[in-house]
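Novice: What would the 3D arrangement of this be:
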Amino acid sequence: MASNNKSIAFAAASLLLASQAALAQEQVVKIGITGPLSGANAFAGKDNENGVRLALEELNAKKVSIGGKTIKFELKSEDDQGDPKAGVAVAQKLVDAGVHFVLGPYNSGVAIPASRIYNDAGAIMSTVGTNPKVTQSGYKGVFRIVASDTQLGGSMAGYAAKQLKLKTIGVIDDRTAFGQGIAAEFVKQAKASGITVAGHEFTTDKASDFAAILTKLKSKNIDAIFFGGYAPQGAPMARQMRQLGLNVKLLGGDTLCSPEMAKLGGDAVGDNVLCAQGGAILDKQADGPGFQTRYKARFKQAPDVYAAAFYDQTMFMVQSMKAANSLDPSVVAAAMRASSYKGVVGTYAYDANGNMKQSAVTIYTFKNGAPFALATN
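Specialist: Next up, the predicted model:
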C-alpha cells in the first residue's frame with residue numbers, strides 16, 4: 001500500500017511539474033481595442049471589437065509560437081465614447097496596463113490626440129480614423145488601415161460629377177475631426193470636377209434637428225447634399241430632407257455606409273443615399289463569404305463596416321510578430337512596414353507615414369435596408 005501511495009504521489013508531482021513547465025512556455029500578449037462602445041456610435045465600436053475578438057480566438061485556437069513560447073492573446077477592450085478626452089484617458093490606461101498593440105480608435109478626433117500617448121509608450125496604434133492629420137505626426141507605430149479622407153472624399157466627388165452628373169451641391173459637416181476632414185476633401189475635389197458648392201453649413205455630432213440648415217440649402221436649388229458626419233445624424237437628416245420636400249441625393253463617407261443608417265432612417269434611406277467606404281466589396285473577395293459566415297456564427301449578426309479590416313490588421317500584426325520572431329512593438333511595426341498581408345478585404349501594405357499604399361474605395365447605396373455596392377475604384 002505504501003508503495004502504491006508513493007507511486008500516486010510521484011505521478012501527481014510529475015503532472016504538476018509538467019503543467020508548470022507548459023505554463024512557463026506560455027506567454028500572454030495583451031491586445032487592446034478602443035472605440036465607442038457606448039452612445040450613438042456603439043454599433044460601430046462593437047463591430048470593430050468583434051472583428052478583433054474573432055481574430056484572436058482563431059489565433060489562440062492555432063497555438064501561435066513566438067520566441068519558443070506559445071502565445072496566448074488576451075483582449076483588453078476599452079470604451080473611449082468617441083470622445084477625445086476619454087480617448088486619451090483610455091490610451092493612458094491601456095499603456096499603463098502593458099498593452100503594446102492597440103486596434104482603434106474609430107473616430108479621427110480621438111485618434112489624433114491618442115496617437116501621441118501610444119507613440120510615447122512605444123505602442124502600435126491601428127486606426128480607421130480617416131482624417132489626414134492622423135498619420136502626419138511621423139509616429140512609426142501608427143497605421144491607418146483604410147482609405148483616408150482624401151481618397152474617400154475624392155472618390156465620392158468623382159462619382160457625383162461623372163456618374164450622377166450633379167452640378168450644384170450643398171455641404172454640411174458636424175465639426176468633428178472626421179466630419180470637417182472629409183467635407184473639406186469633398187469640396188476640394190468637387191470644385192476641381194466642375195461642381196458648384198452652393199453653401200457650407202455646420203451642425204454637431206449630437207444634433208437631431210437639421211430643419212434650419214436644410215431649408216437654407218433648399219433655397220439654393222441644389223442637386224445633392226454632402227454630409228460630413230456619422231449615421232446617427234445622417235439618418236434623421238435624410239428623414240427631415242423628405243419632410244421638407246428636399247428630394248435630392250444625400251452623399252457621405254464611410255460612416256454612413258452602415259445598416260445602422262437604414263435602421264435609423266427607415267424608408268427615408270434608399271437609393272437617395274450614397275456613401276464612400278474604404279475597401280473592396282466583401283462579398284466578392286475570395287475569403288469574404290467565409291469571414292461573413294464565421295462572424296455570423298460567432299456574433300449572431302452580420303459584420304458592419306470595418307469588422308473585416310480590424311480582423312485583417314490583427315492577423316497582419318501577428319504575422320509580423322512571427323516573421324520578426326519578436327514581441328517588441330518597434331520591431332513588429334518595422335516588419336509591418338517592410339511587408340504586406342493579403343487579408344479578407346484586401347492587401348495591406350503601408351508607406352513611410354503608415355498610410356495604405358493602395359486602398360480601394362467602394363461607392364454604396366441602400367437596398368432593402370442594407371448597403372448595396374455600386375462601384376469600386
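Novice: C-alpha only now, for contacts and for neighbours.
Specialist: OK.
Novice: And the pLDDT at the nearest residue to residue 68 once chain neighbours are set aside?
Specialist: Closest residue in space to residue 68, ignoring its immediate chain neighbours: residue 25 at 7.5 Å, by CA to CA, 6 or more residues apart in numbering. Note on residue 25: pLDDT of 80.
Novice: tell me the contacts of residue 25?
Specialist: 68, 69, 70 (CA atoms under 8 Å, 6 or more residues apart in numbering).
Novice: As CSV, those residues with neighbour count, pLDDT and distance to residue 312 would be great.
Specialist: Shown next, in CSV, are these (neighbours: other CA atoms under 10 Å; pLDDT from 0 to 100; distance: CA to CA, whole Å):
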residue, neighbour count, pLDDT, distance to residue 312
68, 11, 94, 25
69, 16, 96, 23
70, 19, 97, 21
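Novice: For the helix or strand hosting residue 29, what is the distance to the chain centroid?
Specialist: Using DSSP states H and E, residue 29 sits in strand 26-35. From the chain centre to the centre of strand 26-35 is a distance of 18 Å (CA atoms, centre = their mean, to the nearest Å).
Novice: now do stretch 320-333
Specialist: Counting by CA atoms, centre = their mean, stretch 320-333 comes out at 23 Å from the chain centroid.
Novice: What residues sit buried inside it?
Specialist: Of all the residues in stretch 320-333, those buried under the rule 16 or more other CA atoms under 10 Å are 320, 321, 322, 324, 326, 327, 329, 330, 332, 333.
Novice: correct me, but the fourth one touches residue 332?
Specialist: Yep, that's residue 324 we're talking about. Yes - with contact defined as CA atoms under 8 Å, residue 324 and residue 332 form a contacting pair (6.6 Å).
Novice: So for the chain, the centremost residue is which one?
Specialist: Nearest to the geometric centre of the chain sits residue 128, at 3.8 Å (CA atoms, centre = their mean).
Novice: I'd guessed that residue sits against residue 110; true?
Specialist: No - between residue 128 and residue 110 there is no contact under CA under 8 Å: 10.8 Å.
Novice: Next, the contact list for the closest residue to residue 76 other than its chain neighbours, please.
Specialist: Of all residues not flanking residue 76 in the chain, residue 32 sits nearest, at 4.6 Å (CA to CA, 6+ apart). Contact partners of residue 32, counting by CA under 8 Å, 6+ apart, are 75, 76, 77, 78, 94, 99, 100, 101, 102, 103.
Novice: can we see that at 7 Å?
Specialist: Residues in contact with residue 32 (CA atoms under 7 Å, 6 or more residues apart in numbering) are 75, 76, 77, 94, 99, 101, 102, 103.
Novice: Could you export those to JSON lines, including columns for distance to residue 87 and pLDDT?
Specialist: Shown next, in JSON lines, are those (distance: CA to CA, whole Å; pLDDT from 0 to 100):
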{"residue": "75", "distance to residue 87": "17", "pLDDT": "98"}
{"residue": "76", "distance to residue 87": "14", "pLDDT": "98"}
{"residue": "77", "distance to residue 87": "12", "pLDDT": "98"}
{"residue": "94", "distance to residue 87": "10", "pLDDT": "98"}
{"residue": "99", "distance to residue 87": "15", "pLDDT": "98"}
{"residue": "101", "distance to residue 87": "16", "pLDDT": "98"}
{"residue": "102", "distance to residue 87": "12", "pLDDT": "98"}
{"residue": "103", "distance to residue 87": "13", "pLDDT": "98"}
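Novice: Those residues in helices, which ones?
Specialist: residue 94 (DSSP state H).
Novice: still on that earlier bit, return the member of the contacts of residue 25 nearest to residue 202.
Specialist: residue 70 (52.3 Å; CA to CA).
Novice: Would you agree the closest one falls within a strand?
Specialist: Yes - under DSSP: H, G, I helix; E, B strand; the rest coil, residue 70 sits within a strand.
Novice: Help me confirm that it comes into contact with residue 29.
Specialist: No - contact criterion CA atoms under 7 Å: residue 70 and residue 29 do not qualify, at 10.2 Å.
Novice: Mind listing the shared neighbours of these two?
Specialist: Joint contacts of residue 70 and residue 29 (CA under 7 Å, 6+ apart) do not exist.
Novice: For residue 347, give its distance to residue 313.
Specialist: 10 Å (CA to CA, to the nearest Å).
Novice: where along the stretch 101-250 of the chain do the helices fall?
Specialist: Using DSSP state H, counting those that start in this stretch, the helices of the stretch 101-250 of the chain run over 108-120, 149-162, 177-192, 211-218, 231-243.
Novice: Show me what the longest one is packed up against.
Specialist: Helix 177-192 is packed against helix 108-120, helix 149-162, strand 168-173, strand 224-228, with contacts defined by 3 or more CA pairs under 7 Å, 6 or more residues apart in numbering; DSSP states H and E.
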